[in-house]
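Visitor: below is the sequence, then the predicted model.
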Amino acid sequence: MDDVPMEIVQPASFPVTTLPGSPPSRQVLLKDLPQRVKKRAPECVVFCETLLGLLKAVHDAVLAHDDQWRVVFCDLVKRFLKMLGHKPLLKRLADGEVIAYTFREFNARVGDIFVGVGLNVERNLWAAEWERGCDYQATKLRELVSAAAPRMLIGEMRDVDQVTTAMLGMYSRLEGGTCGNLDALKRETLERLLRKLGLETWVITSETVTAVQQHPTSILSIFRWFIPERDAPPFKMDLEEDIVKNVIAGNPYERPEEASDEEWGVISRLIAVNIEDRPDTQEAIALIRCLVPAAEKTPAAA
């Protein structure tokens, strides 16, 4: 009797309906999410590993339960994935505390799922891991920000308003009367940026913050020297949802007509569809420096 090839049985999953294409849940937990963590948010590795561990631990119980908790699970996965979207380093520093507390909220939400499907959850354990994540976030952000020149921190932002908002957000946090792990780094970074921009005498007050909120385009026009014009979003689309769908589907960016071979060679590596093909931070900085005309290559501000 001929040997009959054994059919490989795939582990049970349920469709994550909140993501384009409704990928299977195990694929999302074991492949899609882990791939994005280290490349997109290296300072959030501990936060992400804790949350991912909780999602994996509750997965099978959710699979065996009714749709109520699958809906909650899928919504949380979507929010988790959105947190791993590309954010400039300066914005990640400015929003550091918000990001940390969002992960704590995610952990608590998974705790609710544990209870809902009849499992016990050690909230004290993930709370301790969250504290460890805050310490790691502060250490890693200091490493990344200290290695980045002020020109890079500013130029990576999308527009003038974002830079202004980030700087004033850091100022508001420092003047808010609460202490945090990122305070010293934010203060040092603000001083570096102000020196680079020649704004050492610029005094930030509550009136400054109000002025930016009312007339954002009139503040710090000097940023325009550091930020390249971006006339159109990726894929020539206006909707963030469409962009996310293309990224998840693995569609490459279109080459802009004005980009030279050298420029596109660097850019295409930075935005490679396969995350593993993208350079790390140090290599990315080196690649970008190669595009800067020799006359503009000056030592980075301290």
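Guide: Here it is on my side, so go on. Residues are numbered from 1 along each chain as shown.
Visitor: using PDB, write down the CA coordinates of stretch 55-71.
Guide: Extracted in PDB, the C-alpha atoms of stretch 55-71 (Å, rounded to 0.1, in the frame of the first residue of the first chain):
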ATOM      1  CA  LEU A  55      -1.700  38.200  24.400                       C
ATOM      2  CA  LYS A  56      -0.100  34.800  23.700                       C
ATOM      3  CA  ALA A  57      -1.100  33.500  27.200                       C
ATOM      4  CA  VAL A  58      -4.700  34.400  26.700                       C
ATOM      5  CA  HIS A  59      -5.000  33.500  23.000                       C
ATOM      6  CA  ASP A  60      -6.200  29.900  23.300                       C
ATOM      7  CA  ALA A  61      -8.800  30.700  25.900                       C
ATOM      8  CA  VAL A  62     -10.100  33.500  23.600                       C
ATOM      9  CA  LEU A  63     -10.100  31.000  20.700                       C
ATOM     10  CA  ALA A  64     -12.300  28.700  22.700                       C
ATOM     11  CA  HIS A  65     -14.600  31.400  23.900                       C
ATOM     12  CA  ASP A  66     -17.400  33.300  22.100                       C
ATOM     13  CA  ASP A  67     -17.000  36.200  19.800                       C
ATOM     14  CA  GLN A  68     -17.300  38.900  22.500                       C
ATOM     15  CA  TRP A  69     -13.700  38.500  23.700                       C
ATOM     16  CA  ARG A  70     -12.300  37.900  20.200                       C
ATOM     17  CA  VAL A  71     -13.600  41.400  19.300                       C
END
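Visitor: and it, what's buried?
Guide: Buried residues in stretch 55-71, defined by neighbour count with 16 or more other CB atoms under 10 Å: 55, 58-59, 61-63, 65, 69-70. (Each C-beta comes from the backbone N, C-alpha and C, glycine too.)
Visitor: determine which two of those residues are furthest apart.
Guide: Taking CB to CB as the measure, these span a maximum distance of 14.3 Å, between Leu55 and His65.
Visitor: of the buried residues of stretch 55-71, which is the nearest to Met167?
Guide: Closest to Met167, out of all of the buried residues of stretch 55-71 and judged by CB to CB, is Leu55, at 35.1 Å.
Visitor: returning to that earlier point: keep only those of the buried residues of stretch 55-71 that are in helices.
Guide: Secondary structure from DSSP state H places 55, 58-59, 61-63, 69-70 of those in helices.
Visitor: what about Asp112, distance to Gly176?
Guide: Distance of Asp112 to Gly176, computed by CB to CB, to the nearest Å: 30 Å.
Visitor: more neighbours: these two, which one.
Guide: Each of Asp112 and Gly176 has its neighbours counted (other CB atoms under 10 Å); Asp112 has more, 13 against 9.
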